[in-house]
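K.L.:
structure here, sequence nowhere to be found:
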Ligand SMILES: Nc1ncnc2c1ncn2[C@@H]1O[C@H](COP(=O)(O)OP(=O)(O)OP(=O)(O)O)[C@@H](O)[C@H]1O
Ligand SMILES: [Mg+2]
């Protein structure tokens, strides 16, 4: 479904990705784990087009999307839930959700998508008129995922959804990621919380200073000594 071939991405003179090659098959949960500054967010941004890869290619469903801007990758079916959630704090919860359906004109379709979001996140329904910024961290993460679901994505990319959240909320978020996957959405999950990410992932990649260090099945990586020492301590 998605293939990155030797992707190199720079911020000015800083090379954040040094030739990343990875793939995601339809229906999978694939996780990208690694420490601070390893290049995880840059990988997702390179895919969604928020930053441009300088070298290599990104192929999504047989189409070269390497140079596509973010709104085009979104229209192709790739939703990116960014690090730090990035909801609009001054807009209402409902307005935040509607942002995710920017390309949809049909009101019935919008309502259908919204009821789908409420199935996964019943709390959101109770808070529609509240300002996004007044929600708790966990609720904002759920809103950010809900907003992405409004795009009806085929590939959902999540950047550290567990960051800064209480363990019980993290459990809920990971449970919902699994459910979304079972409902047919392919998942690319970036996490520093390697243990939990590998537990739900079919496969994983370990990224270190801009390069893929290890790859394998989630269940194998979780047992791997190198992974255990570096990321599961
Ligand atoms: N806007 C930017 N300008 C300059 N350098 C950047 C920028 N964003 C990231 N970098 C650098 O690129 C490298 C990769 O950063 P990236 O944010 O992709 O890492 P990460 O794995 O997501 O880290 P974290 O776990 O902290 O989110 C780091 O060295 C970082 O300092
Ligand atoms: Mg990051």
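P.N.:
Arrived safely, thanks for sending. The shown structure was predicted, so the numbers you read here are calculated from the model rather than taken from an experiment. Ligands and ions are numbered 1, 2, ... in the order given.
K.L.:
mind telling me which residue of this protein is nearest ligand 2?
P.N.:
residue 41 (3.1 Å; Cβ to the ion). The way it works is simple: take the backbone N, C-alpha and C, and place the C-beta from them, glycine included.
K.L.:
that residue: neighbouring residues, count only.
P.N.:
Residues near residue 41, counting by other Cβ atoms under 10 Å, number 19.
K.L.:
please apply the same query to residue 152.
P.N.:
Neighbours of residue 152 under the rule other Cβ under 10 Å: 17.
K.L.:
per-residue pLDDT, it?
P.N.:
pLDDT, residue 152: 96.
K.L.:
list the contacts of the residue of the chain closest to ligand 2.
P.N.:
By Cβ atoms under 8 Å, 6 or more residues apart in numbering, the contact list for residue 41 reads 82, 83, 159, 160, 190.
K.L.:
where along this protein do the helices fall?
P.N.:
Secondary structure of the chain (DSSP state H): helices located at 40-48, 70-75, 93-99, 107-120, 122-126, 137-149, 167-182, 194-200, 218-221, 225-231.
K.L.:
I'd like the ones you listed laid out as TSV, including mean pLDDT and distance to residue 17.
P.N.:
Putting the helices of the chain into TSV (pLDDT from 0 to 100; distance: least, Cβ to Cβ, whole Å) gives the following:
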stretch	mean pLDDT	distance to residue 17
helix 40-48	98	6
helix 70-75	94	17
helix 93-99	96	28
helix 107-120	96	32
helix 122-126	93	34
helix 137-149	96	23
helix 167-182	95	24
helix 194-200	93	19
helix 218-221	95	20
helix 225-231	85	19
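K.L.:
got those helices as a markdown table, with distance to residue 208 columns?
P.N.:
Formatted as a markdown table, the helices of the chain follow (distance: least, Cβ to Cβ, whole Å):
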| stretch | distance to residue 208 |
| --- | --- |
| helix 40-48 | 10 |
| helix 70-75 | 26 |
| helix 93-99 | 34 |
| helix 107-120 | 33 |
| helix 122-126 | 37 |
| helix 137-149 | 26 |
| helix 167-182 | 24 |
| helix 194-200 | 12 |
| helix 218-221 | 13 |
| helix 225-231 | 8 |
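K.L.:
mind checking the end-to-end distance for stretch 61-69?
P.N.:
17 Å (Cα to Cα, to the nearest Å).
K.L.:
in stretch 200-215, what counts as buried?
P.N.:
Residues 200-208, 210, 212, 214-215 are the ones in stretch 200-215 that count as buried (16 or more other Cβ atoms under 10 Å).
K.L.:
just flag the most distant two among the residues you listed.
P.N.:
Spatially, the most separated pair among the buried residues of stretch 200-215 is 200 and 210, at 25.3 Å (Cβ to Cβ).
K.L.:
and ligand 1, which of the contacts of residue 41 contact it?
P.N.:
Contacts with ligand 1 within the contacts of residue 41, as defined by Cβ under 6 Å from any ligand atom: residue 83.
K.L.:
so which of the contacts of residue 41 belong to strands?
P.N.:
Cross-referencing these against strands under DSSP state E gives 159, 190.
K.L.:
of the contacts of residue 41, list those near ligand 2.
P.N.:
Counting by Cβ under 5 Å from the ion, residue 83 from these sit close to ligand 2.
K.L.:
among the contacts of residue 41, which two are most distant?
P.N.:
Across these, the longest distance by Cβ to Cβ is 10.1 Å; it joins 82 and 190.
K.L.:
and the contacts of residue 41 as TSV, adding neighbour count and pLDDT?
P.N.:
Listed next are the contacts of residue 41 as TSV, based on neighbours: other Cβ atoms under 10 Å; pLDDT from 0 to 100:
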residue	neighbour count	pLDDT
82	18	94
83	16	93
159	24	97
160	22	96
190	25	97
